[in-house]
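# Give me a model of this one.
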Amino acid sequence: MASPTRISRRTFAAGSLVAVTGFPNIVRGQTREIFVGGPASPGLTDILFPVIERKHNMKILFEGTNSLINLEKIRANKARPTMTVTMMDDPVLVLAEREKVIRKLPADITNLADVPAAAKPRDAMWANWCQPMCSFSYNSRALPQGLASYNDAWDRKFRERIIMISMRITQAVAPLVAAASYATKKPLDQALKEWGAGIERLKELRPNVIQVSSNAPQAQQLLETGECDLYMAPDSRTTLFRKAQGAPVDQGLPKEGVLAMPAGVALVEGGPNQDLGIAFINEMLNPETQALIARTFWSKPTNAKTVLPPGITFPELIALDWEYFADNRNAMIERFEREVSSR
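Reported below is the predicted structural model:
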């Protein structure tokens with residue numbers, strides 16, 4: 001079975017129609033083929049998806065982008081969906097549910113029975129296929145011991161040595177919540193609603209920030225080549241995947257704790273080949289596939305029957321109120337871009 005196909009405008013420029021939104025015009029008569037939109041995480045198209053393709057005799061067309069852009073494209077195709085499955089973070093899936101562009105996961109996804117309620121939100125409108133760790137990543141040559149605390153990033157020795165991720169990307173909540181926790185003395189799981197104080201604290205970090213980036217692969221490359229010492233904050237899907245490949249990076253385990261990123265997967269309402277989408281999601285939640293996910297993405301599996309591969313453990317992860325985050329994200333973005341990332 002061929003490896004998953006990445007969709008790009010250039011790829012489809014000859015001989016295929018491409019919607020202005022960037023999604024291919026999938027022919028509905030085709031069988032054993034689905035289009036999946038999800039994160040640009042390494043390991044999806046070269047490790048995980050080929051396993052699913054071979055096992056279920058299907059072809060996966062995939063486009064990797066961040067969750068907000070993914071949602072924008074689903075909205076644009078609402079009248080005639082081309083995507084079958086979407087992989088987005090919970091706060092964006094909250095919006096997708098409200099806009100009725102995703103459908104409740106059916107009982108045919110039998111592995112849902114072994115997923116705890118917290119990992120299948122809103123009565124199983126979607127499921128978390130894993131829980132990546134999120135804190136910060138660092139160049140392990142520059143910082144062999146890492147950082148003991150998020151607050152160490154404010155040290156003057158890191159002047160112009162930090163890349164921050166854009167608030168338009170969900171992982172940006174990690175430095176925001178850490179800053180709010182420091183400012184209010186509340187633990188991370190109680191600090192999200194104090195995000196205004198977090199913005200004020202992040203303003204003090206500006207001298208140490210060389211750039212605020214929405215280009216995660218580029219920021220990762222700059223971290224690996226030593227152009228910066230800290231990257232705040234990708235999650236373990238990227239950081240520890242690249243570490244396993246020999247890159248000089250590692251995941252921070254600060255004393256304040258590590259956040260659980262809610263990596264969700266859902267069926268697009270009205271999308272083609274729903275039976276294949278159901279098989280895809282059920283396989284993502286299969287205990288054996290969950291073990292592969294844990295090993296590949298260094299992310300906590302959500303199926304309770306999963307046996308972790310030898311040598312892989314996870315700290316206690318901190319969950320946030322993602323509905324609150326979804327409701328307040330635009331305000332967070334506006335203040336962050338005006339007061340933190342602007343020069």
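# Check for me that Ile281 belongs to a strand.
No. The assignment for Ile281 (DSSP: H, G, I helix; E, B strand; the rest coil) gives helix, which keeps it out of a strand.
# give me the low-pLDDT residue ranges for this protein?
1-31, 343 (pLDDT under 70).
# Quick one: the helices in it, in order.
9-12, 49-56, 67-76, 90-98, 121-124, 173-184, 188-191, 195-203, 216-224, 236-244, 274-284, 287-297, 322-339 (DSSP state H).
# and Pro144, which of those helices is closest to it?
Across the helices of the chain, Pro144 has its closest neighbour in helix 236-244 (13.3 Å, C-beta to C-beta). For every residue, glycine as well, the C-beta is placed using N, CA and C.
# from the middle of its chain, how far away would that closest one be?
13 Å (C-alpha atoms, centre = their mean, to the nearest Å).
# what does stretch 197-205 give?
Offset of stretch 197-205 from its chain centre (C-alpha atoms, centre = their mean): 24 Å.
# Just the residues contacting it, thanks.
Applying C-beta atoms under 8 Å, 6 or more residues apart in numbering, the set of residues contacting stretch 197-205 from outside is 153-154, 162, 164, 175-184, 191, 332, 335-336, 339-340.
# thinking Ser149 is in contact with Glu256, fair?
Yes. If you go by C-beta atoms under 8 Å, Ser149 and Glu256 touch, sitting 6.4 Å apart.
# Among these two, which residue is more densely surrounded?
Legend: neighbour count by other C-beta atoms under 10 Å for Ser149 and Glu256, higher for Glu256 (18 against 13).
# Tell me which residues touch that one, please.
Applying C-beta under 8 Å, 6+ apart, the residues near Glu256 are 149-150, 178, 181, 187-188.
# Let me know the distance separating it from Ala76.
40 Å (C-beta to C-beta, to the nearest Å).
# Over to Gln218?
26 Å.
# before we move on, the earlier item: most neighbours out of the contacts of Glu256, which is it?
Ala178 (27 neighbours).
# If we ignore the residues flanking it in sequence, what's nearest that residue?
Leaving aside its chain neighbours, Ala178 sits nearest to Tyr150 (3.7 Å; criterion: C-beta to C-beta, 6 or more residues apart in numbering).
# Hmm, the one you found is touching Val258, no?
No. In this structure, Tyr150 is not within contact of Val258 by C-beta under 8 Å, at 10.3 Å.
# Mind listing the shared neighbours of those two?
Counting by C-beta under 8 Å, 6+ apart, the residues touching both Tyr150 and Val258 are 135, 252.
# what residues go with each domain of the protein?
Domain segmentation of the chain under automatic domain parsing yields 5-132+261-312, 136-256+318-339.
# Now do the phi/psi pair for Pro39.
phi -70, psi 160 (degrees, to the nearest 10).
# distance of it from Thr225?
23 Å.
# the more surrounded of those two?
Shown here are Pro39 and Thr225; by other C-beta under 10 Å, Pro39 has more neighbours (23 against 11).
# wait, isn't that one in contact with Glu63?
No. Using C-beta under 8 Å, Pro39 is not in contact with Glu63, being 10.4 Å away.
# what residues are up against the closest residue to Ala197 other than its chain neighbours?
Take Ala197 and drop its neighbours on the chain: the residue closest to it by C-beta to C-beta, 6+ apart is Ala183, 4.0 Å away. Ala183 is in contact with 194, 197-198, 200-201, counting by C-beta under 8 Å, 6+ apart.
# This completes my enquiry, with thanks.
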